[in-house]
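# Pasting the sequence and the predicted model now:
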Amino acid sequence: MGGITLKRIFRLHFVLPFVIVVVVILHLGFLHMVGSRSPLGVDGDDGVLVRFHRFFMLKDLVGVSLFFVALRVVVCFFPYRMIDGETFVPCIYIKTPTNIHPE
């Protein structure tokens, strides 16, 4: 891997999130203007138009809120649940740990 490849990968990783945000904003704008047709879980004919603001906005807001509540519970009450146990072993600078092996 050379310098040109690394520059291209860096540019792609830098620009791609902004492109995704723009596409999501355009998608939400079109959904807000036009609406959505026959979503799952909504009874009606095939041509029923369901507005974005009342149905999907509230449903997505509840889902995102529940996700952040669960994330906050994990972060506040179980902060060390996903950390490796060897992180808390004190370091001895003179002795190499036994679990380190050359490849």
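Arrived safely. Numbering: from 1, shown residues only.

# quick one: the strands in this structure?
36-37, 49-50 (DSSP state E).

# And the average pLDDT for the first one is what?
Think strand 36-37. Taken as a whole, strand 36-37 has a mean pLDDT of 64.

# what's the answer for stretch 5-12, then?
Per-residue pLDDT over stretch 5-12 has a mean of 90.

# quick one, phi/psi of Thr96?
phi -80, psi 130 (degrees, to the nearest 10).

# Mind pulling up the pLDDT for it?
77.

# That one and Thr87, how far apart?
According to Cβ to Cβ, to the nearest Å, Thr96 and Thr87 sit 17 Å apart. For glycine as for every other residue, the C-beta is placed from the backbone atoms N, C-alpha and C.

# same thing with Phe77?
19 Å.

# can you check Leu66 too?
30 Å.

# How about Glu86, nearest residue that isn't a chain neighbour?
Nearest residue to Glu86, sequence neighbours excluded (Cβ to Cβ, 6 or more residues apart in numbering): Asn99, at 7.4 Å.

# ok, that neighbour touching Gly85?
No. Between Asn99 and Gly85 no contact is recorded; they are 11.6 Å apart, counting by Cβ atoms under 8 Å.

# residues near Leu6, how many?
10 (other Cβ atoms under 10 Å).

# For it, give its distance to His13.
For Leu6 relative to His13 (Cβ to Cβ), the value is 11 Å.

# Of Leu66 and Thr87, which one has the most company?
Between Leu66 and Thr87, Leu66 has the larger neighbour count (other Cβ under 10 Å), namely 10 against 7.

# low pLDDT regions in this structure?
35-52 (pLDDT under 70).

# in it, which spans are helices?
Ranges of helices in the chain, per DSSP state H, are 3-34, 57-77.

# With distance to Glu103 added, can I get those in TSV?
Listed next are the helices of the chain as TSV, based on distance: least, Cβ to Cβ, whole Å:
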stretch	distance to Glu103
helix 3-34	24
helix 57-77	34
